[in-house]
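Trainee: what follows is a predicted protein model with its sequence.
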Amino acid sequence: LEGVFIVEEVDPVLERDVLAVLGEHNLDCPVYGKFDGTFPMVHEYNGDIVKESFNKVICDLKDDEEFLEEYKSEYGNDFDGDLIEIIEKMEFSDGLNELIDNIPTRAPTLCAGCSHRSAYFAAVKAYQELGYDKSDMIFASDIGCYTLGISPPYETADYLLAMGSSVGDGCGFSIATNQHVMSFIGDSTFFHSGLSPLVNAVHNKNKFVLTILDNRITAMTGGQPNPGIPVDGMGDEAPAISIEDIVEAIGVKFMKIVNPHNIKKTVDIYKEALEYDGVAVVIARYPCTLIKGQKKKAPMVIKDNCVKCLTCVKTLACPAISYLNDKVVVDEALCKSCTVCIQVCPNKAIGVKKGD
Ligand code: SF4
Ligand code: SF4
């Protein structure tokens, strides 16, 4: 091993671990990452930043006579500083090549059992059951895990402008177009910057559906509390601010609170909300699956009467359900027992695993 590049955003956690392993085994191998200054400690990375960082090392190599000699004897020509050229010429073992060829593309997705997935599933089903086409809909999204609604099969995040913007620009679209507008905002983002545009929406008599995805945490940034829960940032007891009390106080006349894992109920509420002539607020409330201390319940199993219609795989897209080797399977370690797949399967072929 001649060197390791570690391209890692935020804190250099992996890099620290790799350095520890190398140290433990007394391995003399350069690690190019944040600690040695190859990659910047701050900022989100983009192609230019990564390329520039790689170039710092490549430029060093161009002055490294030993490396140049080795390169020439190996490849028969001079090194021109092109990293891609090096990578293309690298020889991997057959096993690694096979692995590389078979790595499936994996789009970022919501966690197994995530209540946002259930809310999106229900929202899509509701507009479809009302006979609306996708082109009749505008989905305004906001900043949080739920922006992942952008991906198929949901496609419930058409755009995202800024923190809290889903409420204000949702109102704008409801005036400027004759499409149905559904805005989605998380509980933390609602407290941060969703309140004032909701005041304006009521005052301006806008017609749109706002879902407050209340998963009782600030999930995307690592699980910080928000004003809706009775604990402050230091872990001390604090007054919880009620989202429903705020929504009611603002003057919203249509407000429903639902556990989005109850698909039928959520679909019915969305259908009512989409037909309501005014501001309709749905509070989709269920705790994030990553909140610590939740008891692991029995996972799901696919029963023998599965006809492999793939409705569960294609329309729900829970990462715990896969189609592998001509079989639909549930990954028990990932399954969070939300039971949504049971409600989605048209053949009653998913059940709770018994006997564990
Ligand atoms: S939806 Fe039901 S029947 Fe269809 S593939 Fe999934 S488990 Fe099988
Ligand atoms: S119960 Fe079904 S939908 Fe929920 S996490 Fe498990 S496999 Fe996924």
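Mentor: Yes, it's here. Ligands and ions are numbered 1, 2, ... in the order given.
Trainee: CA atoms only: put stretch 207-219 into CSV for me.
Mentor: Output of stretch 207-219 as CSV, limited to C-alpha atoms (Å, rounded to 0.1, in the frame of the first residue of the first chain):
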residue,chain,number,x,y,z
LYS,A,207,-55.1,27.6,-0.6
PHE,A,208,-52.5,25.0,-0.1
VAL,A,209,-51.6,21.9,2.1
LEU,A,210,-48.8,22.3,4.5
THR,A,211,-47.5,19.1,6.2
ILE,A,212,-45.4,19.6,9.3
LEU,A,213,-43.4,16.4,9.5
ASP,A,214,-43.0,16.2,13.2
ASN,A,215,-40.5,13.4,14.0
ARG,A,216,-39.7,14.9,17.5
ILE,A,217,-36.1,15.7,16.7
THR,A,218,-33.7,17.6,14.4
ALA,A,219,-32.8,14.4,12.6
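Trainee: now do that stretch: distance to the chain's middle.
Mentor: Put simply, stretch 207-219 sits 15 Å off its chain's centre (CA atoms, centre = their mean, to the nearest Å).
Trainee: residue 151: what's it in contact with?
Mentor: Neighbouring residues of residue 151 by CB atoms under 8 Å, 6 or more residues apart in numbering: 107, 108, 109. Just so you know, the C-beta spots here come from the backbone N, C-alpha and C atoms, and that holds for glycine as well.
Trainee: top of those by neighbour count?
Mentor: When neighbours are counted by other CB atoms under 10 Å, residue 109 leads the contacts of residue 151 with 14 neighbours.
Trainee: how close does the closest residue to that one other than its chain neighbours sit to residue 119?
Mentor: Once flanking residues are discounted, residue 109 sits nearest to residue 319: 5.7 Å by CB to CB, 6 or more residues apart in numbering. Going from residue 319 to residue 119 by CB to CB, to the nearest Å gives 17 Å.
Trainee: so for these two, which sits in the more crowded spot?
Mentor: Between residue 319 and residue 119, counting by other CB under 10 Å, residue 119 is the more crowded of the two (29 against 16).
Trainee: stretch 329-336 vs ligand 1: in contact?
Mentor: No. Using CB under 6 Å from any ligand atom, stretch 329-336 stays clear of ligand 1, with a minimum separation of 8.9 Å.
Trainee: do a quick rundown of the strands in the stretch 1-150 of the chain.
Mentor: 4-5, 31-32, 137-140 (DSSP state E, counting those that start in this stretch).
Trainee: which helix or strand lies directly C-terminal to the last one?
Mentor: So that's strand 137-140. Using DSSP states H and E, the next helix or strand after strand 137-140 towards the C-terminus is helix 165-176.
Trainee: what packs against that following helix?
Mentor: strand 137-140, strand 180-186, helix 195-203, strand 208-214 (3 or more CB pairs under 8 Å, 6 or more residues apart in numbering; DSSP states H and E).
Trainee: select, out of these, the one closest to ligand 2.
Mentor: strand 208-214 (16.8 Å; CB to the nearest ligand atom).
Trainee: give the contact list for the residue in the stretch 151-300 of the chain that ligand 1 sits nearest to.
Mentor: The nearest approach of the stretch 151-300 of the chain to ligand 1 comes at residue 300, 9.2 Å away (CB to the nearest ligand atom). Residue 300 is in contact with 320, 330, 335, 337, 339, 341, 342, 350, 351, 352, 353, counting by CB under 8 Å, 6+ apart.
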